[in-house]
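Participant: Make a model of this:
(4 chains)
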Protein chains: 2
Amino acid sequence: MEFSNLDQENLKELSIRTGNACVGFNLRRTARLLRRFYDEAFEPLGLKGTQFSLLMAVAGNQNATIGELSQPLGMERSTLSRNIVVLQKKGLVTVEEGEDRRQQRISLTDLGVSVIREALPLWQGVQESLISELGEERITNLLADLLSLSHIKEGN
Amino acid sequence: MEFSNLDQENLKELSIRTGNACVGFNLRRTARLLRRFYDEAFEPLGLKGTQFSLLMAVAGNQNATIGELSQPLGMERSTLSRNIVVLQKKGLVTVEEGEDRRQQRISLTDLGVSVIREALPLWQGVQESLISELGEERITNLLADLLSLSHIKEGN
DNA sequence: TTAATGTGTGTGTATATACTTATATTTAAG
DNA sequence: CTTAAATATAAGTATATACACACACATTAA
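Facilitator: This is a model prediction of the structure:
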């Protein structure tokens, strides 16, 4: 492609082409749009979709530190640190100093467990909506592709 | 699935299963991880990937209002309003009152155009990295799936 | 043992995101 | 023509996100 003479016509054309092709843009846009879908589903529990995800990650890694949890989430530790505070304020998780006193170990509270119990059917409802929209196979492929993309490192 | 007796074992199991299956979580995680990839690519221009996307959207919709722009981006108007201010502060876009004095019409500045000219090869570099990682066909399918998902409306 | 180095987490700052509410302006009802 | 309803945007508030830096604690080297 030649980018040197960008008149009004070329810009329009390029905008459409890159908008359709850009993986990052389309990922973010779809995530934005689905976000509302998830948030509405969990709204009766006062949860956002993001918070449900984090709560489930804590459930699967009981007593993990911020650093340990941040790995599978692909999230900055500082980001995770702040997101955990939100769950803590809601009474869903506890944060306790580890033997190494720099570490903070995160666990579910009883309330956290019971909120998960109520949230899981709502999550499953959304999941089934998405599957019925795209079909099981396309969803499976999509998840595999997302996983492959998330393994990309700088320097590739 | 039965969610009523959630002991430690079931929680771990459920966490893994929902984490692997959840479209929203995997979309967000991949978007998080790719974000760094894009941001590093555009760093020489002082741009984030998100800002490049928005700049390209402005390029393709010259003189559009906030409301008009928000449609193809799938973004809240209030969000877009704030994101545009960032580009305006960088001198990349202008914001002008429309004939309808409630409207704000957004256009590229000359600097905006020249930044796009420099950014496009960088974007293409990232795009080619992703394609070489997943292959053209999987990328194409992924984009199609993302598009299908973004058409999901509440009530489906 | 003390000093240097390394590690885990939180804070400061900035952006991205959305919902609710406020404000200005336009359009429609009467 | 005046008032009520509708519309476009911004501002208030909250969360999600990341980078740079600070701080406390731990480990290693001297």
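Participant: Counting neighbours, what do you get for the residue nearest to residue A:23 when sequence neighbours are not counted?
Facilitator: Closest residue in space to residue A:23, ignoring its immediate chain neighbours: residue B:130 at 5.3 Å, by C-beta to C-beta, 6 or more residues apart in numbering or on different chains. Heads up, the C-betas are built off the backbone N, CA and C, glycines and all. A count of nearby residues for residue B:130, using other C-beta atoms under 10 Å in any protein chain shown, gives 23.
Participant: What are the buried residues along the strand or helix carrying residue B:130?
Facilitator: Secondary structure from DSSP states H and E places residue B:130 in helix B:110-134. Residues of helix B:110-134 classed as buried by neighbour count (16 or more other C-beta atoms under 10 Å in any protein chain shown): B:112-113, B:115-116, B:119-120, B:122-123, B:126-127, B:129-131, B:134.
Participant: try stretch A:5-13
Facilitator: Here stretch A:5-13 shows A:6, A:11 as buried, counting by 16+ other C-beta under 10 Å.
Participant: May I have it as CSV, with CA atoms only?
Facilitator: This file holds the C-alpha atoms of stretch A:5-13, laid out as CSV (Å, rounded to 0.1, in the frame of the first residue of the first chain):
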residue,chain,number,x,y,z
ASN,A,5,-0.5,11.0,-1.0
LEU,A,6,-3.4,10.9,1.4
ASP,A,7,-6.1,13.0,-0.1
GLN,A,8,-9.7,13.0,1.2
GLU,A,9,-10.6,10.1,-1.1
ASN,A,10,-7.7,7.9,0.0
LEU,A,11,-8.3,8.6,3.6
LYS,A,12,-11.8,7.5,3.5
GLU,A,13,-10.8,4.3,1.6
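Participant: And the contacts of it?
Facilitator: A:14, B:59-60, B:62, B:108, B:113, B:116-117 (C-beta atoms under 8 Å, 6 or more residues apart in numbering or on different chains).
Participant: pLDDT on it, on average?
Facilitator: Throughout stretch A:5-13, pLDDT has a mean value of 87.
Participant: Stretch A:88-96 too?
Facilitator: Mean predicted lDDT for stretch A:88-96 stands at 98.
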